[in-house]
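**Q** predicted model, plus sequence, below.
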Amino acid sequence: MAAEQMLVVTEVAPYADGPAGVHGVLGQAATALAELAEMAGLAPIRVPRVADLSPDRLDRGGVLALFTIGETPFSPEQRRVIETAWREGRLSVLGVHSATDACHGWPGYGTLLGARFDGHPWTQEFEIDVVDRDHPATAHLDPRWGWRDEIYLFRDLRPDARVLLALAEGQVDMSVPGARTPDCGFPLAWCHTEEGGRSFYSALGHFPGAWETPGFLRHLAGGLSWLLEGAR
C-alpha cells in the first residue's frame with residue numbers, strides 16, 4: 001500500500017556552538033515539495049517546528065522530507081519513532097541540501113541521511129557527472145549536468161550508499177580555504193536502504209532558481225518515486 005502522507009520539515013535551528021545559516025529558499029522549497037508530494041498521491045504536511053509534530057503522526061509512516069539545518073530539536077521519543085519506523089519500512093526519508101548539516105548530536109541521524117555535511121568551500125557553476133542513470137532520479141539527465149550551487153563536502157558516507165551524482169573532475173580551485181578531497185570523493189546525491197528503510201538525498205537546492213528548474217524538480221520527483229517503491 002502506498003504511503004499517504006509526506007511530512008515536510010523546514011526548521012532552522014541553532015548549532016550547538018552558535019546560530020545556523022538561514023536559507024531564504026525554504027518557503028519556495030516547501031511549496032515545491034508539497035506539489036511533488038501531491039503529484040505522487042501523498043498528502044503534504046508542512047512542519048516548520050518539530051515540536052508540533054507528534055510521535056503518533058511520525059509513527060503513521062509515509063515520507064519524512066527534510067530541508068533542515070542546525071540542531072533540529074527532535075525529542076528522544078521522536079528520534080526513536082523515526083528510527084524504528086524507518087527500519088520497519090513504514091517511514092522513508094527524503095533529504096535536501098542542508099539536511100545533512102543538521103542533528104549532529106543525534107548519532108542515528110547520519111545513518112538515516114547516509115552521510116554528514118563537512119563544509120562547503122565553493123559556491124559556483126560546475127559540471128555534475130551523472131554516475132548512475134539507472135535510477136528514477138537521474139534517468140532524465142544527460143551524462144553531464146551543468147549546475148550552480150554550494151558544493152558540499154561530506155564525511156562518514158555509508159559504504160552501501162548508491163551514489164547517483166558526483167562533482168565532475170577539475171571543477172574547483174583546491175587552493176581556497178577548506179578545500180580538500182574527502183575520503184568519499186565528491187558525491188552530490190545518493191540513496192540507500194537498511195532493513196526495510198529507504199533514504200534518498202540530494203545536496204542541490206541552495207538557490208531559488210533550482211526550485212524553478214524542471215530538471216531539478218524531476219530529480220527530486222524521481223527520488224520520491226524510488227522511496228515509494230518501498231511503500232507499495
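**A** That came in fine, so what should we check first?
**Q** tell me the centre residue of this protein?
**A** Gly95 (1.8 Å; CA atoms, centre = their mean).
**Q** which other helices and strands does the one helix or strand it maps to contact?
**A** If you go by DSSP states H and E, Gly95 is part of strand 91-96. The contact analysis (3 or more CB pairs under 8 Å, 6 or more residues apart in numbering; DSSP states H and E) places strand 91-96 against helix 26-39, strand 62-66, helix 76-87, helix 107-113, strand 197-202, helix 214-229. Where you see a C-beta, it was placed from the backbone N, CA and C, and this is true even at glycine.
**Q** who are the neighbours in contact with the residue nearest to the centre of the chain?
**A** 65-66, 113-114, 199-202 (CB atoms under 8 Å, 6 or more residues apart in numbering).
**Q** kindly report the same for Pro143.
**A** Per CB under 8 Å, 6+ apart, neighbours of Pro143: 129-130, 133.
**Q** list the residues that contact Pro182.
**A** By CB under 8 Å, 6+ apart, the neighbours of Pro182 are 118, 153-155, 157.
**Q** gap between it and Ser75?
**A** As judged by CB to CB, to the nearest Å, Pro182 and Ser75 stand 32 Å apart.
**Q** counting neighbours, what do you get for Val81?
**A** The number of residues packed around Val81, counting by other CB atoms under 10 Å, is 22.
**Q** and the residue in the chain sticking out farthest from the centre, what element?
**A** Centroid-distance maximum for the chain: Ser175 at 28.2 Å, with CA atoms, centre = their mean. Assigned by DSSP H and E, Ser175 falls within no helix or strand.
**Q** what pLDDT does it get?
**A** Looking at Ser175, its pLDDT is 97.
**Q** before we move on, what about Ala20?
**A** 90.
**Q** list the contacts of it.
**A** Each residue near Ala20 by CB under 8 Å, 6+ apart is listed here: 12-14, 69-70, 101.
**Q** among those, which one has the most neighbours?
**A** Ranking these using other CB under 10 Å puts Ile69 first, with 25 neighbours.
**Q** wait, isn't it in contact with Pro14?
**A** No - contact criterion CB atoms under 8 Å: Ile69 and Pro14 do not qualify, at 9.7 Å.
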